[in-house]
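Novice: Predicted model and sequence follow; I will ask about them next.
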Amino acid sequence: KAGVTQTPRYLIKTRGQQVTLSCSPISGHRSVSWYQQTPGQGLQFLFEYFSETQRNKGNFPGRFSGRQFSNSRSEMNVSTLELGDSALYLCASSLVAGVNYGYTFGSGTRLTVV
Amino acid sequence: AQKVTQAQTEISVVEKEDVTLDCVYETRDTTYYLFWYKQPPSGELVFLIRRNSFDEQNEISGRYSWNFQKSTSSFNFTITASQVVDSAVYFCALSEGNQFYFGTGTSLTVIP
């Protein structure tokens, strides 16, 4: 059974650009969540999608957005990149919605903004 | 205030020693869930355990055991007879309502 797949694994972008990250959940999982991990702030929740609808959102500016497709695949977009957006972005999937069930995580996308 | 506190930033032990990773949480909810995750160098977070607030039974899974004490708001994780493969960053997490909070992690190094 394939795990959570995130692409690309590594990305380098210039300040001011925008970026789109992709996440394919485990087959059958309908909930996808995104997290940002930085040395300074640790792991922070970005948002959760279930059945193409955003259910929860963390405390991030509007430059961070996401969406989920009918096949449960999800994309995360960050516009007008800032140096502070450099981080490991982790995607996680779950069979059901809600953070109470825990997640299966992907290996992440390492974004570097220069 | 931190919802989940992992006071130990880094721990080093010699192989076969036992090690306990501390986790203290803060919540006003009566229903909540606690988790432990392992993050090896590859970056992927690996789910280890989930515990709900109504189940204070300690749990043992092989060399891993967890001690949940509501009276002290702690959910500690013990690895018995540690192995080099246990080297990783371990995160404790709290789920309350619709929010999920991770601790800052404890980096465990097991020296052969």
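Specialist: Thanks, I have it.
Novice: Name all residues that make contact with the closest residue to residue B:63 other than its chain neighbours.
Specialist: For residue B:63, the nearest residue in space outside its immediate sequence neighbours is residue B:80; the separation is 4.7 Å by CB to CB, 6 or more residues apart in numbering or on different chains. From N, CA and C alone the C-beta is placed, and that goes for glycine too. Contact analysis of residue B:80 by CB atoms under 8 Å, 6 or more residues apart in numbering or on different chains lists B:18, B:63, B:64, B:65.
Novice: where does the last one land in three-state SS?
Specialist: Just to be clear, that refers to residue B:65. Per DSSP: H, G, I helix; E, B strand; the rest coil, the local secondary structure of residue B:65 is strand.
Novice: Isn't it up against residue B:49?
Specialist: No. Counting by CB atoms under 8 Å, residue B:65 sits too far from residue B:49 to count as a contact (9.7 Å).
Novice: Quick check: neighbours shared by those two?
Specialist: Common contacts of residue B:65 and residue B:49 (CB under 8 Å, 6+ apart): B:59, B:77.
Novice: what about the closest residue to residue A:18 other than its chain neighbours, distance to residue A:60?
Specialist: Using CB to CB, 6+ apart and skipping the chain neighbours, the partner closest in space to residue A:18 is residue A:79 (4.3 Å). Here the distance between residue A:79 and residue A:60 works out to 12 Å (CB to CB, to the nearest Å).
Novice: same thing with residue B:65?
Specialist: As it turns out, when the distance is counted by CB to CB, residue B:65 lies 36 Å from residue A:60.
Novice: try residue A:107
Specialist: Between residue A:107 and residue A:60 the computed distance is 21 Å (CB to CB).
Novice: so is the residue nearest to the spatial centre of chain A in a helix, a strand, or just coil?
Specialist: For chain A, the residue lying nearest the average C-alpha position, counting by CA atoms, centre = their mean, turns out to be residue A:34 (3.2 Å). Three-state call for residue A:34 (three-state DSSP): strand.
Novice: which residues does it bridge with?
Specialist: Residue A:34 has these beta-bridge partners by DSSP bridges: residue A:47, residue A:91.
Novice: so where is the chain shaky, pLDDT-wise?
Specialist: You didn't pick a chain, so chain A it is. Applying pLDDT under 70 to chain A picks out residues A:1, A:98-101.
Novice: hm, I was asking about chain B
Specialist: Looking at chain B by pLDDT under 70, you get B:1.
Novice: and with 80 instead?
Specialist: Counting by pLDDT under 80, chain B has low-confidence residues at B:1-2, B:97-99.
Novice: residue boundaries of the strands in it?
Specialist: Listed in chain order, the strands found in chain B under DSSP state E are B:4-5, B:10-14, B:19-21, B:24-25, B:33-39, B:46-52, B:59-61, B:64-69, B:74-79, B:88-96, B:99-102, B:106-111.
Novice: hmm, the fourth one in reach of chain A?
Specialist: This means strand B:24-25. No. If you take CB under 8 Å from any CB of the partner chain as the test, strand B:24-25 misses chain A, and the best it gets is 14.3 Å.
Novice: Quick check: residues of chain A near chain B?
Specialist: A:3, A:33, A:35, A:42-45, A:55-56, A:58, A:88, A:90, A:92, A:98-108, A:110.
Novice: What residues does chain B have near chain A?
Specialist: With the criterion set to CB under 8 Å from any CB, chain B comes near chain A through B:33, B:35, B:37, B:42-47, B:50, B:52, B:91, B:95, B:98-105.
Novice: Going through the residues you listed, which ones are buried?
Specialist: In terms of neighbour count (16 or more other CB atoms under 10 Å in any protein chain shown), the buried residues within these are B:33, B:35, B:37, B:43-45, B:47, B:91, B:95, B:100-105.
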